[in-house]
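Novice: Show me how the following folds:
(one chain, ligands or ions: 1)
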Amino acid sequence: MKRVPFFQIPRETWVSGKKLLGKNLAAAVREEIRQRAEKLSQKPGLVTILVGEDPASMVYVASKEKAARAAGFDARVDRLLDSISETELLQKIQHYNEDSSVHGILVQLPLPSHMNSARVLQAIAVEKDADGFHHENMGRLLAGEDAVIACTPLGVMVMLRELGVDITGMHAVVLGRSNIVGKPMSVLLLEEGQCTVTTCHSRTRNLREHVSRADILVAAMGRRGVVDPEWIKEGAIVIDVGMHRTDEGLTGDLDLAAMESKVSFYTPVPGGVGPMTIAMLLYNTLRNAEKIQGA
Ligand code: NAP
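Specialist: Predicted coordinates for the structure are as follows:
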């Protein structure tokens with residue numbers, strides 16, 4: 001797993017029975033990142049651009065800022081009115097591209113409907129991309145080159161690597177094909193995990209058949225009730241990326257309680273994949289800073 005960092009966090013600190021406690025792993029990883037950041041001549045600088053006042057985005061941005069500060073980064077949030085034009089936003093990005101104290105630029109999505117998100121994301125300098133959404137980084141990921149990799153799928157790969165189970169040749173099934181989770185997840189499992197990968201989506205026929213052959217199942221659909229717990233293969237590793245705010249709290253795409261007896265490991269929601277995403281955002285920014293500073 002050349003492009004997946006290995007932090008060597010003791011397994012007993014974050015694997016509890018069958019549960020992969022991403023929250024604990026992420027805390028340990030963030031401490032490693034803090035120590036690496038301390039060694040740099042200049043603090044890693046992360047700028048988050050938030051356009052408008054979407055309540056969920058405001059919560060995400062605040063937690064990213066807090067985590068970045070705790071890791072010793074110079075973390076800034078640039079809050080912009082949603083009446084700002086795309087041209088003005090592109091000028092802002094250009095300004096941060098040229099600012100030598102900035103090593104990571106993140107544009108919080110979704111953007112207001114009058115903006116073209118793809119165009120905005122491509123304006124970020126490739127070497128300052130923190131989310132791994134720049135098309136050049138996505139292309140590099142696919143081509144097997146060094147790349148800034150999307151945080152959520154990278155976080156899942158770090159969990160698998162730290163778990164220490166040899167996944168070579170396993171059949172991995174990814175439910176979802178978005179650019180930010182499903183597709184990079186499939187590429188990582190294929191290229192770094194050396195798995196045989198099946199990617200499923202809303203048009204997939206016989207989902208049951210695919211799921212029942214999964215040694216590793218990654219659910220990233222943003223839909224609940226799609227996978228019947230009966231379908232899960234005995235001993236599978238189940239990763240639930242989904243996030244749903246319900247009256248009972250945060251839940252994933254899967255009925256994990258009903259699957260627990262069958263699986264070998266699974267990520268709970270909350271406290272599984274989610275915290276790893278923020279840890280990987282810090283990792284990407286740290287790596288950018290190390291490269292830019294020649295460390
Ligand atoms: P997205 O862009 O909506 O993509 C969802 C994918 O799931 C699509 O490819 C869709 O297929 C597929 N899908 C939908 N219904 C399906 C079904 N019945 N069977 C099989 N596939 C189906 O969502 P996303 O941005 O990738 O996010 C997915 C989930 O992960 C969401 O719940 C999101 O909140 C969560 N998430 C969590 C984190 C985290 O840090 N934990 C980070 C990012 C996202 P089509 O392409 O055919 O439409």
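
Novice: what about stretch 199-206, how long is it end to end?
Specialist: Terminal residues of stretch 199-206 lie 13 Å apart, using C-alpha to C-alpha, to the nearest Å.

Novice: Other residues contacting it?
Specialist: With contacts defined as C-beta atoms under 8 Å, 6 or more residues apart in numbering, stretch 199-206 is touched by V173, V174, L175, G176, R177, G182, K183, S186, L207, H210, V211, M221. For every residue, glycine as well, the C-beta is placed using N, CA and C.

Novice: would you turn the residues you listed into CSV with pLDDT?
Specialist: Conversion of these to CSV gives the following (pLDDT from 0 to 100):
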residue, pLDDT
V173, 99
V174, 99
L175, 99
G176, 98
R177, 98
G182, 98
K183, 98
S186, 98
L207, 98
H210, 98
V211, 98
M221, 98
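
Novice: and these near the ligand, which?
Specialist: L175, G176, R177, G182, L207, M221 (C-beta under 6 Å from any ligand atom).

Novice: is it true that T48 touches V61?
Specialist: Yes. Taking C-beta atoms under 8 Å as the definition, T48 is a contact partner of V61 at 5.3 Å.

Novice: quick one: which of those two has more around it?
Specialist: The neighbour comparison of T48 against V61 (other C-beta atoms under 10 Å) goes to T48, with 23 against 18.

Novice: in which helix or strand would I find that one?
Specialist: Per DSSP states H and E: T48 is located in strand 45-51.

Novice: Which neighbours in the sheet does that strand have, and how are they oriented?
Specialist: Next to strand 45-51 in the sheet, as set by DSSP bridges, lie strand 74-80 (parallel), strand 104-107 (parallel).

Novice: Quick check: chain neighbours aside, which residue is closest to G52?
Specialist: By the measure of C-beta to C-beta, 6 or more residues apart in numbering, the closest residue to G52 outside its immediate chain neighbours is D82, 3.3 Å from it.

Novice: and the gap between the one you found and the ligand?
Specialist: 21 Å (C-beta to the nearest ligand atom, to the nearest Å).

Novice: That residue: what's it in contact with?
Specialist: Per C-beta under 8 Å, 6+ apart, neighbours of D82: V51, G52, E53, P112.

Novice: top of these by neighbour count?
Specialist: V51 leads the contacts of D82 on contacts (other C-beta under 10 Å) with 25 neighbours.
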